[in-house]
Every structure is written in structure tokens, then in C-alpha cells.
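Novice: Pasted the sequence and its predicted model underneath.
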Amino acid sequence: MLRFHFTPEDLTKVRVATEPHALWEIAVSLHRLQTREGRWAYAPWFRDARTALRRAGLEQTVKSFLLPLFPRAGYFPDFLTPPEGTQGLHAGLDAVLATPDARVDGEVQLLDRTVGAPAWTRRLGERGLREQLVAALRAYHRAVIAPHEERIQERLHAERARHAHALFHTGTEGLLAGLGPTIRWRPPVLEIDPYPDHRDVHLAGRGLLLIPSHFCWHAPIALADPGLPPVLLHPVHHLPSTTGCVGSPPLNSLLGATRAAILRAGATGCTTTEAARRAGVTPTTASHHTAVLRDAGLITSHRHANTVLHTLTPLGAALLARKAGQGG
């Protein structure tokens, strides 16, 4: 079990990452390649990734160079997921290169003691080998993550909207209580169970950065070193995609006032009840209209407990922005 101990000050310093963390997404996507757990949620990506890695000639690189550093086990080196990853892939990889050699050596030794590591990993403290690692990570991202970035952004945007909705209506403690089925808020402690090891992290006024992740499945992940800025990577809520294509008949029905009102409500995230209130219709009617908007690819819907939260897709946001620019 992992436990984060909060002080009153820490509750004022809970943040949610505003962008995908490129290095964490690489790490947990590599975990997805090592297991069939949750495969249904990633089936199209898994199929495309296998093909893309083969075409790019990266299959052996992933197998012999990346997977040993990112085992789906109780530990992998913290320096591979630096905080700069929230600023994008390039900033994250620059931070990997800039990691002090002594820290890299220490974390690789811990990897070897914990789960085992090939002999070549002992040379990762050398800049030359670390440059090769960065090149491999960049090529992997280009092949299997970059083609899916729009979908990833859509899912993470919806998750952030869900967090904002919880924060607005129930405060920080409500946000912490709704993070997922394996995360429990028992004031003043946030518990993650199951977890690979038993650990207590005392935040001591540092706060906690929540990082929603597309490729994280079921089990949240934290940094191993308690001295680093505390983060918690947690999975977004997965539902089978129901979005349609731009030219589908539901999109042609979008011009009605009720659907336009619901679409505008989705700009900040709304439940079905809130959408109904904004549009002046019953929840049953609003549910019908959200289905039409979802089939048109303009909103996405995610269930959390007994609540469904609707948010805009990139297409819906673009359409809304265009209408606003046209004065309609």
C-alpha cells in the first residue's frame, strides 16, 4: 500500500497537470506492451503500435533497450520520468540527458537489485549511452504515440474537466475522493491499494501533482524516491469509443438550439442534469441530444460512479470556436 500523508497546507497545493506528461506516457505505454491486462481498452493502439514498430525497425530496440529499463514491476528509474515532461517531449528528454551521472548510477543499481537489469545499463551514467537512450525514446514516441496524440489529448482534457467539476462542487477533498477505485481518501491520508510495496510519503507542505494518464491502467504510480517532488500518475476512465465521422447524419442535425446549448455547456464539462438545465429540457431529452452530439464526434462522455460527464472533443471545440468567431 502507498500512503500520502497530507497537512492542511498540502490540501491547498494539490494540482492537476495541464498537459500530458510525455515521458510518463512512454513509460506506461511500454508497460501496456508487456501485458494483456486491459488490452480491450487499447486494442486499436496495440495493433497500430506493433505495425508501426515493425515498419520503423524498432522492434529489437524496444525489446532489448527500452523494456529492460521500464519493466512492468515494482520499480523503474525515476530519472526516466522527470517533471519537465509536462512541458513536452523535448523538454523531458533534455532533462533525462541532464540528470547527474551519480543519480543515474544509483537508480540503475536500485533497478538491478530490485528486478534485475542487463549489464549494459551500468553505463547509463555515461552521456554517450544516455544520448542513445534519448534517441530511442524519441523514435518510439514518434512511431507509436505521436499518431494518437489527438485522441490522448481528448481523453486527458475530459479527465481534467472531471477533476475541475469535482473541485468546484466538492472541494479538494472531493477531488481526492473521486480519483479512482484503487485510490481512497481517508483524511488526512490518500491510500493507493494495491501497490507493489508498502510506503508512506509525508508531503510536508510540498503538495501533490496529479497526472492523468492515457496509458496508465488500473494501478496508479508514484515516484520511488520520496525526496523528489511528489506526483501521482493515475489512469483516466476508459469507455469504448462511440465517436463517429464528420460527415455522419447526426452532425447535420446539430443546428438546433437545444444541441447548441448543450455543446456550449460541454466547453467547461457538464453532467447530463447540468446540460438539461442549460438547455431548458428534461434530463431524458438532454441524454438523447448528448448521444447525437457524441455520435457526431463533437463531445465525449465518461462515467464516474452514477454521473456521466460530457466534454468537448477537439472537433467540437473547433466548431464552437468557429461559431463564436462568426457571431453565432
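Specialist: Cool, got the structure. Residues are numbered from 1 along each chain as shown.
Novice: Which parts of this protein are helices?
Specialist: According to DSSP state H, the chain carries its helices in the segments 8-11, 22-32, 43-55, 59-61, 89-98, 101-114, 127-144, 149-177, 249-252, 257-265, 272-279, 283-295, 314-325.
Novice: do you know which of these lies nearest residue 78?
Specialist: helix 101-114 (6.1 Å; CB to CB). Just so you know, the C-beta spots here come from the backbone N, C-alpha and C atoms, and that holds for glycine as well.
Novice: hey, what's the residue nearest the centre of the chain bridged with?
Specialist: Centroid-nearest residue in the chain: residue 213, 1.4 Å away (criterion: CA atoms, centre = their mean). Beta bridges link residue 213 to residue 235, judged by DSSP bridges.
Novice: wait, what's in contact with it?
Specialist: 20, 21, 24, 25, 28, 156, 233, 234, 235, 236 (CB atoms under 8 Å, 6 or more residues apart in numbering).
Novice: so residue 115 touches residue 71, yeah?
Specialist: Yes. Between residue 115 and residue 71 there is a contact at 5.1 Å, judged by CB atoms under 8 Å.
Novice: Please say which of those two ends up with more neighbours.
Specialist: residue 71 (17 against 14; other CB atoms under 10 Å).
Novice: Low-confidence ranges, the stretch 101-250 of the chain, go.
Specialist: Along the stretch 101-250 of the chain, segments meeting pLDDT under 70 span 237-250.
Novice: If we use 90, what do you get?
Specialist: Flagging of the stretch 101-250 of the chain using pLDDT under 90 yields the residue ranges 126-127, 149-170, 178-182, 194, 196-197, 217-219, 236-250.
Novice: Residue 25 versus residue 229, what's the distance?
Specialist: For residue 229, the distance to residue 25 (CB to CB, to the nearest Å) stands at 19 Å.
Novice: do the same with residue 280
Specialist: 41 Å.
Novice: Show me which of the two is the more surrounded one.
Specialist: Taking neighbours as other CB under 10 Å, residue 280 and residue 25 compare with residue 25 leading, 26 against 11.
Novice: what about the closest residue to that one other than its chain neighbours, neighbour count?
Specialist: The shortest distance from residue 25 to any non-neighbouring residue, by CB to CB, 6 or more residues apart in numbering, is to residue 215 (5.5 Å). Using other CB under 10 Å, residue 215 has 25 other residues around it.
Novice: change the start of the numbering to 29 and stick with it
Specialist: Got it, first residue is 29 now, which makes that one residue 243.
Novice: you'd agree residue 243 is up against residue 51?
Specialist: No. Judged on CB under 8 Å, residue 243 makes no contact with residue 51 at a distance of 11.7 Å.
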